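Chemist: Let's see this in three dimensions:
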Amino acid sequence: MKSKVANFLFIFFTLTCFAKPPNVIIMFMDDMGYADIGAFGAKDYPTPNLDRMAKEGRKFTDFYVTQAVCSASRAGLLTGCYNVRIGILGALGPKSNIGLSPNEVTIAEICKQKDYATGCFGKWHLGHHKKFLPLQHGFDEYFGLPYSNDMWPYHPGVLHLPMEERLKRWPHLPLIEGNKIINPRVSDKDQEKLTTQYTERAVSFIEKNKDRPFFAYIPHSMVHVPLFVSKKFKGKSGVGLFGDVMMEVDWSVGQIMKVLKKHDLENNTLFLFTSDNGPWLNYGDHAGSAAPLREGKGTMFEGGCREPTLAWWPGKIPANSICKEPAMTIDLLPTIAKLIGAKLPGHRIDGKNILPLMLKDNAKSPQKAYYFYYGNQLQAVRQGKWKLHYPHGYRTMAGKQGGTGGIPTNYSQAKIELSLFDLEKDIQESKNLVSKFPDIVKKLSELGNKFNQKLKETKRQPGKI
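Modeler: The predicted structure is shown next:
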């Protein structure tokens with residue numbers, strides 16, 4: 001009881017000290033690996049602004065996405081639900097006839113309860129038909145691509161075909177503003193401008209709404225292949241295109257921090273930085289690094305779903321601090337709702353308020369466990385330091401090198417048997433402890449099975465055209 005009272009008082013005094021409701025910014029990268037920024041181990045190119053976020057804020061070492069693939073990951077972030085619960089799996093493409101249901105509630109809609117300005121600048125990927133676009137899900141403004149930047153007729157899988165045949169699989173890539181297509185045929189030159197354009201739109205949005213609370217969602221198209229970078233960063237890293245792109249991403253972070261400082265908004269803005277999944281490893285020198293984690297995008301090993309995450313809020317979040325407690329993107333919606341005093345959705349969500357993990361030292365995760373699905377299959381459960389993998393197949397590079405110049409190599413297929421890992425001692429998920437800790441295996445297995453059954457009984461349908 002004492003702990004509950006203390007936590008209530010902590011949240012109450014934290015919220016009542018604001019001059020006006022706090023602003024919220026989420027920058028969500030695409031296919032960026034755990035070790036792709038300086039604060040998490042990158043050394044081949046500089047990321048001074050992200051390093052500054054870590055130095056002045058909090059680094060989350062054990063932060064997850066719901067599923068290591070584009071649309072599924074975004075669904076979990078924006079709705080506070082495991083993506084399986086709301087029927088969004090995989091990566092929706094230009095021929096998809098589903099999208100985020102109008103019955104789901106997004107972070108933007110949570111913020112609209114409190115009259116926030118809301119803007120989305122970047123890759124949406126939750127349905128490209130008008131009824132699924134951001135303006136129909138609580139956003140006042142939208143500028144960006146409706147899905148991944150490789151979903152176009154220059155995809156490496158169709159380059160050997162004549163254009164007429166390519167277009168049957170991948171139509172031209174559109175750029176959208178609001179609900180309208182403003183460029184029906186995005187070119188490589190257009191893609192070079194995307195990171196800059198998203199950033200400039202976000203900066204303009206912040207400046208326009210500096211005198212009222214705002215929520216800015218910036219889901220960058222990079223570093224998803226094909227990689228593109230503006231002229232101002234081309235060749236700047238000296239280590240190749242991936243390094244150049246990461247330097248421009250860091251510049252984007254710096255521009256956001258700069259405009260917040262310009263308008264004296266730093267101390268009243270929560271700025272979160274993370275990624276949708278780990279690196280697309282078979283792209284080799286055009287992919288990032290998940291070191292020291294196992295595997296990457298498309299798997300629910302740590303390298304696929306544990307993301308480099310930073311929380312920055314000068315004067316509120318302790319500087320140069322680290323949170324090692326497990327957390328997940330599903331927790332952001334209820335956290336933001338608590339932060340701004342908004343109501344949670346009336347339907348079931350899976351996230352919990354993790355504001356204490358951001359603002360306090362030694363806070364504990366409010367979640368009993370986290371559940372890792374790939375597709376509809378429950379593949380793993382994490383509770384505390386323990387992670388249990390159920391038997392499942394997965395893709396792997398199996399020690400092979402990835403491709404070069406944006407052309408991928410092939411994955412191999414592998415299987416993992418029932419496996420238990422102590423992530424505090426074995427972050428690489430390499431030492432199976434099933435035989436040594438049968439009680440833990442039984443406990444986590446039953447926990448996962450029970451959750452999975454309840455989720456199946458309460459699943460909702462995606463939106464359909």
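
Chemist: Helix or strand: which one has the residue found closest to residue 400 once you drop the neighbours it is linked to in the chain?
Modeler: In this structure, residue 400 finds its nearest non-sequential neighbour in residue 409, 6.6 Å apart by C-beta to C-beta, 6 or more residues apart in numbering. Where C-beta positions appear, they are placed from N, C-alpha and C, glycine not excepted. Using DSSP states H and E, residue 409 sits within no helix or strand.

Chemist: Can you tell me how far residue 409 is from residue 398?
Modeler: Distance from residue 409 to residue 398, counting by C-beta to C-beta, to the nearest Å: 11 Å.

Chemist: The two: which is more packed in?
Modeler: Comparing residue 409 with residue 398 by other C-beta atoms under 10 Å, the one with more neighbours is residue 409, at 14 against 9.

Chemist: From the contact counts, what lies against the helix or strand where residue 119 lies?
Modeler: Under the criterion of DSSP H and E, residue 119 resides in strand 117-121. Here strand 117-121 touches helix 107-112, strand 141-144, helix 194-208, strand 214-219, going by 3 or more C-beta pairs under 8 Å, 6 or more residues apart in numbering; DSSP states H and E.

Chemist: Could you find the closest non-adjacent residue to the residue sitting nearest the centre point of the chain?
Modeler: In the chain, the centroid-proximal residue (C-alpha atoms, centre = their mean) is residue 276; its distance is 3.0 Å. Excluding the flanking residues, the one nearest residue 276 by C-beta to C-beta, 6+ apart is residue 73, at 4.0 Å.

Chemist: next one: phi and psi at the one you found?
Modeler: phi -70, psi -40 (degrees, to the nearest 10).

Chemist: can you pull the contacts of it?
Modeler: Residues near residue 73 by C-beta atoms under 8 Å, 6 or more residues apart in numbering: 65-67, 83, 276-277, 329.

Chemist: same thing but 10 Å
Modeler: Each residue near residue 73 by C-beta atoms under 10 Å, 6 or more residues apart in numbering is listed here: 28, 30, 64-67, 83, 88, 91, 125, 219, 274-277, 297, 305, 307, 329.

Chemist: can you tell me which of these are in strands?
Modeler: When DSSP state E defines the strands, the subset of the contacts of residue 73 inside them is 28, 64, 219, 274-275, 307.

Chemist: Make CSV from those and add neighbour count and pLDDT to it.
Modeler: Below are the ones in strands among the contacts of residue 73 laid out as CSV (neighbours: other C-beta atoms under 10 Å; pLDDT from 0 to 100):
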residue, neighbour count, pLDDT
28, 23, 99
64, 27, 99
219, 25, 99
274, 22, 98
275, 29, 98
307, 28, 98
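
Chemist: Among these, give me the pair with the biggest separation.
Modeler: Pairwise distances across those peak at 17.2 Å for 64 and 219 (criterion: C-beta to C-beta).

Chemist: three-state assignment of the closest residue to residue 167 other than its chain neighbours?
Modeler: Excluding its sequence neighbours, the residue lying closest to residue 167 (C-beta to C-beta, 6+ apart) is residue 153, at 5.5 Å. The three-state assignment at residue 153 reads coil, by DSSP: H, G, I helix; E, B strand; the rest coil.

Chemist: Residue 153 and residue 165 touch, don't they?
Modeler: Yes. Here residue 153 reaches residue 165: they are 9.2 Å apart, a contact under C-beta atoms under 10 Å.

Chemist: Of the two, give the one with the bigger neighbour count.
Modeler: Set side by side, residue 153 and residue 165 show more neighbours around residue 153, with 19 against 11, by other C-beta under 10 Å.

Chemist: Now do residue 206, the pLDDT please.
Modeler: Note on residue 206: pLDDT of 98.

Chemist: So it is in contact with residue 261, correct?
Modeler: No. Using C-beta under 10 Å, residue 206 is not in contact with residue 261, being 11.2 Å away.

Chemist: These two: who's more crowded?
Modeler: A count of neighbours by other C-beta under 10 Å puts residue 206 above the other of residue 206 and residue 261, at 23 against 11.

Chemist: Which residue is the nearest non-sequential neighbour of the more buried one?
Modeler: Spatial nearest neighbour of residue 206, excluding adjacent residues (C-beta to C-beta, 6+ apart): residue 259 at 5.2 Å.

Chemist: Same check on residue 345?
Modeler: residue 105 (4.0 Å).

Chemist: do the same with residue 329
Modeler: Nearest residue to residue 329 in three dimensions, chain neighbours excluded: residue 77, at 4.1 Å (C-beta to C-beta, 6+ apart).

Chemist: same check, this time on residue 240
Modeler: Once flanking residues are discounted, residue 240 sits nearest to residue 285: 6.1 Å by C-beta to C-beta, 6+ apart.

Chemist: A helix includes that neighbour, no?
Modeler: Yes. With three-state DSSP as the criterion, residue 285 is part of a helix.

Chemist: Select the helix or strand of this structure having the lowest average pLDDT value.
Modeler: helix 2-16 (a mean of 50; mean pLDDT, DSSP states H and E).
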